[in-house]
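Engineer: The following block contains a protein sequence and its predicted model.
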Amino acid sequence: MERRYDICNGDSDGLCAAVQWRLHRPGAATLVTGLKREIALLEQVPAGAAAPAEVNVFDISMQRNLTALQTLLDAGVRVNYFDHHTVEAIPAHPLLEAHVDRSSDVCTSLLVDRYLGGAYRAWALVGAYGDNLPDVADRLAEASDIGPGDRTRLRLLGEAINYNAYGDDPGDVRIAPARLYTILSRYADPREMLVHESIAGEIDDLRRADLERARVLAERTESVAGSIHVLPDAPWSRRVLGSYANELANAEPDRAHAVMRLHGQQGYMVSVRAPLASPYGSDLLCARFGGSGRPRAAGVDALEPEARARFFDAFAANAWTAALPARRA
C-alpha cells in the first residue's frame, strides 16, 4: 500500500483544506501539522528509501519549504501543493502539481474547494471564515443556499479553530492542532460536528476572554496609516495575536493594523493586516524584517528590539494597494 503524508498549517485554513482532501480521497495518511508559526514542515517527511509515494500540502509557505520540496521531488515523491502565500518561483517538475493563488479573496480551503467542485463546501466556508474572509464566505454560502444561522455557526467554528493555532508551544493552546484535526475529520459536514462536539464552544469562550484582555491591556500607537498594538508576553497574548489582528481589521477596514507581543530575548512577534479596502502589502512589509506571509496578512516571528522604531516607521510609510503588485523581474 502506498504511503501518503498530509502536511498542513494548524490553523483553520490549513486544517479545513486537509479535511476536505481526505474526505475526497479516503485512506490512511500520516498527518504533519503544528502551531501557526510552525512552517518548515516538509522537512519532517522522510526522503530516500523511506520516502512516501505521495505528499499533499495545504496552507504551508512554499517559499519557506523549497529545499525540502525539491528533495522530495528528486526522491520520486508526487506532491500536490495548495497554498496562497507569496513564493518567488514555483519549481517546474513533472511530479509537482501546484495550485498557488496569491489573490486577496482566496485561501487554501477555497482553492481545494475549487479543485473538488464544492464537494465539501461547508468545510471550505469554515476555512474561509477562519482566514478572515467573511464577505467572500458569506457570498459563497448564499450561493450554496446556506442560511444566516448556519453561516454564524460556521464562522464561530472557523474563528475558534484559527485562534487555537496561535501559541509558542502546545501548552499555550486549548487542544493540539493534530488532535483537533482528528475530531474535525470525523464529520463530512462541520454542522454535524457542532451538534456532537463541545470543543468549538470551549475554544470560543477562551478566545472571547483573551480578546477582552487585549482590548484592555494593549499599548496603542496610532497613525494616519493605521494602528499598532503591543501586548505583553503571556499565554493569553500568544493565543490571541491573530484573532485580535483580525478583529481590528474588520472594525476599521480602511486602515492597516499590526499586533505585536513581546517574545522573550528575540524581541517581538508581529501579525500584520493590510486594510481590507486595499488588501495588498503585508507580505512585502514583513519581508523587510525577515518575515513572510501573504499580501493580505503576514507576520514577523522575531523582530529585534532595536528594530521596533524602524518597523513603526516602515508600517506608517508602507504602500497598501488595492491590486496585486506585479512580480519583480
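Structural biologist: Arrived safely.

Engineer: Need the residues that contact the longest helix along the chain.
Structural biologist: For the chain, the helix reaching the highest residue count under DSSP state H is reported as helix 199-217. Applying C-beta atoms under 8 Å, 6 or more residues apart in numbering, the external contacts of helix 199-217 come out as 156-157, 159-161, 163-164, 174-175, 180, 183, 193-194, 229, 231-232, 236-237, 239-240, 243-244, 247, 259. C-betas here are computed from N, CA, C, even on glycine.

Engineer: Is Met269 located within a helix, as I assumed?
Structural biologist: No. Assessed with DSSP: H, G, I helix; E, B strand; the rest coil, Met269 is strand; it does not lie in a helix.

Engineer: I'd like to know how far it sits from Phe315.
Structural biologist: From Met269 across to Phe315, the span is 15 Å (C-beta to C-beta, to the nearest Å).

Engineer: of those two, who's got more company?
Structural biologist: Of the pair Met269 and Phe315, Met269 is the one with more neighbours under other C-beta atoms under 10 Å, namely 25 against 22.

Engineer: so what's that one up against?
Structural biologist: 37, 241, 260-261, 263, 299-303.

Engineer: Let me see the ranges of the strands in the stretch 151-300 of the chain.
Structural biologist: Listed in chain order, the strands found in the stretch 151-300 of the chain under DSSP state E, counting those that start in this stretch are 219-222, 226-231, 256-262, 268-273, 292-293, 297-303.

Engineer: Return the most buried member of those.
Structural biologist: strand 268-273 (a mean of 27; mean count of other C-beta atoms under 10 Å).

Engineer: Quick one: mean pLDDT over that one.
Structural biologist: Per-region confidence: strand 268-273 scores 96 on mean pLDDT.

Engineer: Give me the sheet partners of it and which way each runs.
Structural biologist: The sheet places strand 268-273 alongside strand 256-262 (antiparallel), strand 297-303 (antiparallel), with pairing taken from DSSP bridges.

Engineer: Contacts for the first one, please.
Structural biologist: What that stands for is strand 256-262. Residues beyond strand 256-262 that count as contacts (C-beta under 8 Å, 6+ apart) turn out to be 214, 218, 225-233, 237-238, 241-242, 244-245, 248-249, 268-275, 281-282, 303, 308, 311, 315, 318, 320.

Engineer: redo that, cut-off 7 Å
Structural biologist: Surrounding strand 256-262, the residues in contact under the criterion C-beta atoms under 7 Å, 6 or more residues apart in numbering are 225-233, 237-238, 241, 244-245, 248-249, 268-275, 315, 318, 320.

Engineer: thinking again about what came up before, which members of the contacts of helix 199-217 are classed as buried?
Structural biologist: Among these, those that count as buried by neighbour count (16 or more other C-beta atoms under 10 Å) are 156-157, 159-161, 163-164, 174-175, 180, 193-194, 229, 231, 236-237, 239-240, 243-244, 247, 259.

Engineer: which non-adjacent residue is nearest Arg151?
Structural biologist: In space, Arg151 comes closest to Ala141 once its chain neighbours are excluded; the distance is 5.0 Å by C-beta to C-beta, 6 or more residues apart in numbering.

Engineer: Kindly report the same for Asp113.
Structural biologist: Of all residues apart from its sequence neighbours, Ala124 sits closest to Asp113 (C-beta to C-beta, 6+ apart), at 3.5 Å.

Engineer: picking up where we left off before, so which bits of the longest helix of the chain are buried?
Structural biologist: For helix 199-217, using 16+ other C-beta under 10 Å, the buried residues are 199-200, 203-204, 206-207, 210-211, 213-214.

Engineer: Nearest to Ser104, out of the strands of the stretch 151-300 of the chain?
Structural biologist: Ranking these by their distance to Ser104 (criterion: C-beta to C-beta) puts strand 297-303 first, at 9.5 Å.

Engineer: mean confidence for the closest one?
Structural biologist: Per-region confidence: strand 297-303 scores 93 on mean pLDDT.

Engineer: Report the next helix or strand after it in sequence order.
Structural biologist: helix 308-317 (DSSP states H and E).
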